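Colleague: need a structure here:
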Amino acid sequence: MTGKVGRNDPCPCGSGRKYKKCCQESFDDKDFNYRRWRRVEADLIPELFAYALENLGPEAIEDAWSEFHDHEAPGAYDPESPMNSVFMPWFLFNWIHETKLPDSPDFSVTTIAVSFFREHELSEDEMRLILSATKAPYSLCEVRELTPGVGMTLFDLFRRVKHEVIERTASQTLKKGEILYCATTHLDNVISNVGTSPYALRPIAKRDILALRKWMLDESGAAELTVDHLVKFEADIRSFYLDTVLAMFRPPQLRNTDNDPLLPQKVHFDIESADSAFRALKDLAEGISEDELRSDATVEDGLIVKAEISWLGGTREARQRLGGPVLLGTINIEHGKLIISVNSTRRAKKIRRLVEKRLRKEAIYKTTLIEPIEPEVEKMWATAASGASKLAAEEWAQGTERSGVISLADLPPEVRAKLEETARQHWITWVDLPVPALNNMTPREAAKSEEGRELLESLLLDYERHNYGPNENFMRPDILELRRELGLYV
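Modeller: Modelled structure (predicted):
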């Protein structure tokens, strides 16, 4: 339903009947019951919290906060934390603790809501809400469909079941393919979330979630997972979610085309002869002839005295992805000095070995100097660490060596044309290259299996997420064309 349906309009369900004679009555009943249960919940939660503080003391919430974060809580409990949207329901309805039974020396292992239930006279609605909420296990659910302001279809990635959830607020901000950590209750004909994570996981998190599901199946020896299994593995599921959220807000690790951590540095040698160094290292410029290198060099009395050599090479995968040799570093030879600029520690060590092997005693290693991080990178890290603009940080990081956001409008036409052709060639070859997010299957291979298609859909949805930015991204894929090529249809 994309807009408000009039009473006399055809019903969206496709029955051919008018809306008022078909689904409106059911919708109105469901909406009435939803509002009713939300009022019950809104009245009950403060009572449960006050009961917890009175009977367990303020230290109980600190203990629960620590346990919720797997005993690695980020400081004391914070009543202003966004995580309260999922922590507070978990604390009241799911946190298992030991409490002394009234008028008895014995102790009971229970939840706050169940203790409250036993000790108070409650209305039927309050009792039903508590029983439903305490039986609702937390899971990771993928957003399959959205009706903003009304609700969404959630797919439990562990139990493989759908929930048609009424959700007024989150349905306006979430995107298809995102993954929620939540507990879903069923009351009358109303399905809603009693606890919902404040941060949705990216679609590509599905690969690791399916791996966790396989581990849970193996551990339990079951063919399928049930509600009881979600309760049994509740701490594992929660830890996975929290670890993934932490990684989302951690400053991004920039990497080069060899997937090495990005760390610009310069390797310094003293050399006896610039000409000898040139002759020993010139073939590192793969695909560039000696005549081309000499044409840009400084020659005196037939000998090279100053030259620059591009160190070209790279892995087979990087060559395929970028359509040729990769620039691994730049070799500068001048006045008895040899300085090689690279962007990773592994490349620095490799070029040092190559120089020492080829020049032997004619080159004396002096030092390797780490280059200062550019202010733009420091700013990006600070932004990511604060969680203020994770998408902007990711896009900046992608621009380093992973085809990021570049404004085409600021580039000369010939450069723009070259970049667009590079992007076109990239996506042509992409469908036949192994992709880590697809468990190292190629997209074409992934499209042939059920699990592969599921991962592929999540990956394409993740690509679509990056198409919402204001900047023009020359590496933006044509999702519809990729779907056609892979036999995936909406």
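
Colleague: can you pull the phi/psi pair for the residue lying farthest from the centre of the chain?
Modeller: For the chain, the largest distance from the centre (CA atoms, centre = their mean) belongs to Asp301, which lies 58.9 Å off. Dihedral pair for Asp301: phi 50, psi 40, per degrees, to the nearest 10.

Colleague: what about it, distance to Thr153?
Modeller: Using CB to CB, to the nearest Å, Asp301 is found at 78 Å from Thr153. For glycine as for every other residue, the C-beta is placed from the backbone atoms N, C-alpha and C.

Colleague: re the thing from before, what's the pLDDT at the residue farthest from the centre of the chain?
Modeller: pLDDT, Asp301: 92.

Colleague: which residues touch it?
Modeller: Taking CB atoms under 8 Å, 6 or more residues apart in numbering, we find Asp301 in contact with no residue.

Colleague: which parts of the stretch 1-150 of the chain are helices?
Modeller: Under the criterion DSSP state H, counting those that start in this stretch, the stretch 1-150 of the chain contains helices at 24-56, 59-68, 84-93, 112-119, 124-134.

Colleague: now the fourth one, how far from the centre of its chain.
Modeller: Which is helix 112-119. 38 Å (CA atoms, centre = their mean, to the nearest Å).

Colleague: next: the second one.
Modeller: In terms of CA atoms, centre = their mean, the centre of helix 59-68 is found 27 Å from the chain centre.

Colleague: so how far is Thr185 from the residue nearest to Ile45 when sequence neighbours are not counted?
Modeller: The shortest distance from Ile45 to any non-neighbouring residue, by CB to CB, 6 or more residues apart in numbering, is to Leu92 (6.9 Å). Separation of Leu92 from Thr185 (CB to CB): 13 Å.

Colleague: then Trp430?
Modeller: 42 Å.

Colleague: and stretch 64-81, average pLDDT?
Modeller: 86.

Colleague: oh, I was asking about stretch 238-254
Modeller: Per-residue scores along stretch 238-254 average to 83.

Colleague: identify each buried residue in it, please.
Modeller: By 16 or more other CB atoms under 10 Å, the buried positions in stretch 238-254 come out as 238-242, 244-245, 248, 251-252, 254.

Colleague: what of stretch 224-241?
Modeller: For stretch 224-241, by 16+ other CB under 10 Å, it's 225, 229-230, 232-234, 237-241.

Colleague: also stretch 432-448?
Modeller: Across stretch 432-448, burial judged by 16+ other CB under 10 Å covers 435, 437-438, 441-447.

Colleague: nearest residue to Gly324 in space, please, no chain neighbours.
Modeller: Nearest non-adjacent residue to Gly324 (CB to CB, 6+ apart): Gly287, at 7.6 Å.

Colleague: check the one you found and give its pLDDT.
Modeller: 88.

Colleague: residues near it, how many?
Modeller: Using other CB atoms under 10 Å, Gly287 is surrounded by 10 other residues.

Colleague: residue contacts, Ile339?
Modeller: Listed by CB under 8 Å, 6+ apart, the contact partners of Ile339 are 266-269, 331-332.

Colleague: let's go with 10 Å and repeat that
Modeller: For Ile339, the contact set (CB atoms under 10 Å, 6 or more residues apart in numbering) comprises 266-269, 330-333, 366, 369.

Colleague: strands - which of the residues you listed land there?
Modeller: Those of the contacts of Ile339 mapping onto strands are 266-269, 330-333, 366, 369, per DSSP state E.

Colleague: PyMOL command for the buried members of the residues you listed?
Modeller: Applied in PyMOL, the following selects the buried portion of the ones in strands among the contacts of Ile339 according to 16+ other CB under 10 Å:
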select buried, resi 266+267+269+331+333
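
Colleague: thought Arg38 was touching Val190?
Modeller: Yes - with contact defined as CB atoms under 10 Å, Arg38 counts as touching Val190 (9.3 Å).

Colleague: these two: which is more packed in?
Modeller: Each of Arg38 and Val190 has its neighbours counted (other CB under 10 Å); Val190 has more, 19 against 14.

Colleague: ok, that one - contacts?
Modeller: Per CB under 10 Å, 6+ apart, neighbours of Val190: 29-38, 165-166.

Colleague: the same query, at a cut-off of 6 Å, please.
Modeller: The contact partners of Val190, taken as CB atoms under 6 Å, 6 or more residues apart in numbering, are 33-34, 37.

Colleague: let's have those residues in JSON lines, adding pLDDT and distance to Ser115.
Modeller: Converted to JSON lines, those look like this (pLDDT from 0 to 100; distance: CB to CB, whole Å):
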{"residue": "Asn33", "pLDDT": "84", "distance to Ser115": "27"}
{"residue": "Tyr34", "pLDDT": "86", "distance to Ser115": "28"}
{"residue": "Trp37", "pLDDT": "87", "distance to Ser115": "22"}
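
Colleague: circling back to that earlier point, of all the buried residues of stretch 238-254, which two lie farthest apart?
Modeller: The span of those, defined through CB to CB, is set by Arg238 and Leu254 at 30.0 Å.

Colleague: list the buried residues in stretch 452-464.
Modeller: Buried-residue list, stretch 452-464, by 16+ other CB under 10 Å: 452, 454-464.

Colleague: mind putting those into CSV with secondary structure and pLDDT?
Modeller: Output for the buried residues of stretch 452-464, formatted as CSV (DSSP: H, G, I helix; E, B strand; the rest coil; pLDDT from 0 to 100):
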residue, secondary structure, pLDDT
Gly452, helix, 92
Glu454, helix, 92
Leu455, helix, 92
Leu456, helix, 92
Glu457, helix, 91
Ser458, helix, 91
Leu459, helix, 90
Leu460, helix, 90
Leu461, helix, 89
Asp462, helix, 87
Tyr463, helix, 84
Glu464, helix, 81
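
Colleague: between the two ends of stretch 440-456, what distance do you get?
Modeller: End-to-end distance of stretch 440-456 (CA to CA, to the nearest Å): 12 Å.

Colleague: actually, stretch 69-77.
Modeller: 11 Å.

Colleague: cool, stretch 270-279 as well?
Modeller: Stretch 270-279: ends 16 Å apart by CA to CA.

Colleague: can you count the residues close to Thr257?
Modeller: Using other CB under 10 Å, Thr257 is surrounded by 20 other residues.

Colleague: same deal with Val355?
Modeller: Neighbour number of Val355 under other CB under 10 Å is 23.

Colleague: what's the helix or strand for it?
Modeller: helix 345-359 (DSSP states H and E).

Colleague: not counting that helix itself, show me its contacts.
Modeller: Contacts of helix 345-359 (CB under 6 Å, 6+ apart): 260, 263, 265, 267, 280, 328-329, 340, 342, 363, 368.

Colleague: for the most centrally placed residue in the chain, give me its contacts.
Modeller: By CA atoms, centre = their mean, the chain has its centre lying nearest to Arg202, at 4.2 Å. By CB under 6 Å, 6+ apart, the residues touching Arg202 are Asp462.

Colleague: repeat that for the one 4 residues further on.
Modeller: Under the criterion of CB under 6 Å, 6+ apart, the contact list for Lys206 reads Ser458.

Colleague: same thing but 10 Å
Modeller: Residues in contact with Lys206 (CB under 10 Å, 6+ apart) are 140, 142, 157, 177, 179, 213, 437, 451, 454-455, 457-459, 461-462.

Colleague: thanks a lot, catch you later.
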